[in-house]
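Novice: Need the 3D shape of this:
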Amino acid sequence: MLLLSTSIKPESSPYHHGDLRRALVEAGLQLLEKRGPAHVSLREVSRVAGVSHNAPYRHFDSREALLAAMAADGFETLRAAMARAAEGKQSLERLRALGLAYVGFAREKPAVYLLMFGPELAKDPFPALKAVAEQSFEALRQAIDAITPEETRAAAAIGAWALVHGLAHLIADRQLPPELFDPADDEGLIENVLAIYRLGLMRQDERRGN
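Specialist: Got it, this is the predicted structure:
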């Protein structure tokens with residue numbers, strides 16, 4: 001039986017100049033995705049980035065500060081993906097695109113997603129992280145505001161957030177039972193779940209029209 005090594009080799013050439021902070025964050029994300037959060041340390045990140053063990057302290061005073069920067073990078077990636085998906089779309093189609101992008105991010109980057117929303121990292125000590133985290137919900141809230149009356153906006157926004165976040169977390173954490181979830185057709189599941197929510201919004205509109 002062939003055993004594949006999970007060790008990560010350092011960069012082929014030592015880091016000399018440029019964006020050290022970015023290099024450290026990317027090294028941390030690489031470790032996170034391949035080996036999990038327990039293996040992300042300032043020492044190991046410096047090794048993967050090809051810098052001295054003291055170099056990370058120029059930008060991060062603790063492991064938690066590095067994790068916060070990695071999570072913030074994940075939120076920025078998520079925000080950009082949602083913006084691209086929703087560009088040029090309106091109404092329910094915009095909401096669908098945002099939901100697909102949100103859940104799709106969790107499917108493609110489960111380790112990063114779980115760091116962003118899991119118990120490994122508290123957001124309160126890192127205001128910049130907390131601010132960028134709120135932007136992902138804001139995009140959904142704005143899409144809901146555009147298609148729902150004021151009196152139901154809060155409930156509709158919370159419902160949308162609970163749906164996409166819950167589904168994303170179940171997929172990222174591999175908690176969906178196989179009889180309900182076929183990884184080969186995960187986009188189909190996402191579409192069906194979001195369609196049920198959209199149907200509820202449309203029926204709500206119909207009731208108001210009567």
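
Novice: Do a quick rundown of the helices in this structure.
Specialist: Along the chain, the stretches classed as helices by DSSP state H are 20-35, 42-49, 63-86, 91-108, 110-117, 127-145, 153-172, 186-209.

Novice: among those, which gets the worst mean confidence?
Specialist: For the helices of the chain, mean pLDDT drops lowest on helix 186-209, to a mean of 72.

Novice: Domain-wise, how is this protein divided?
Specialist: 18-60, 64-207 (the TED database).

Novice: Which residues are in contact with Ala172?
Specialist: By C-beta atoms under 8 Å, 6 or more residues apart in numbering, the residues touching Ala172 are 106-107, 110, 113-114. For the C-beta atoms, the positions are set from N, CA and C on the backbone; glycine is no exception.

Novice: again, 10 Å this time
Specialist: Each residue near Ala172 by C-beta atoms under 10 Å, 6 or more residues apart in numbering is listed here: 103, 105-114, 116-118.

Novice: Likewise for Ala85?
Specialist: 94, 96-102, 104-105, 139.

Novice: what do you get for Ala83?
Specialist: Neighbouring residues of Ala83 by C-beta under 10 Å, 6+ apart: 98, 101, 135, 139.

Novice: who wins for neighbours among the residues you listed?
Specialist: Highest neighbour count within the contacts of Ala83, by other C-beta atoms under 10 Å: Leu98, with 25 neighbours.

Novice: so it sits right up against Leu163, yeah?
Specialist: No: with contact defined as C-beta atoms under 10 Å, Leu98 does not count as touching Leu163 (11.4 Å).

Novice: before we move on, back to that, can you tell me which two in the contacts of Ala85 are farthest apart?
Specialist: Spanning the widest gap among these are Arg94 and Phe105, at 16.9 Å by C-beta to C-beta.

Novice: mind saving the C-alpha coords of stretch 80-92 as PDB?
Specialist: Output of stretch 80-92 as PDB, limited to C-alpha atoms (Å, rounded to 0.1, in the frame of the first residue of the first chain):
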ATOM      1  CA  ALA A  80     -15.400  38.600  -3.800                       C
ATOM      2  CA  ALA A  81     -16.900  35.300  -4.900                       C
ATOM      3  CA  MET A  82     -20.400  36.400  -3.800                       C
ATOM      4  CA  ALA A  83     -20.000  39.800  -5.600                       C
ATOM      5  CA  ARG A  84     -18.900  38.100  -8.800                       C
ATOM      6  CA  ALA A  85     -21.800  35.600  -8.700                       C
ATOM      7  CA  ALA A  86     -24.400  38.300  -8.100                       C
ATOM      8  CA  GLU A  87     -23.100  40.800 -10.700                       C
ATOM      9  CA  GLY A  88     -25.800  41.800 -13.100                       C
ATOM     10  CA  LYS A  89     -28.500  39.800 -11.400                       C
ATOM     11  CA  GLN A  90     -31.700  41.000  -9.600                       C
ATOM     12  CA  SER A  91     -34.400  39.800  -7.300                       C
ATOM     13  CA  LEU A  92     -34.600  36.100  -6.600                       C
END
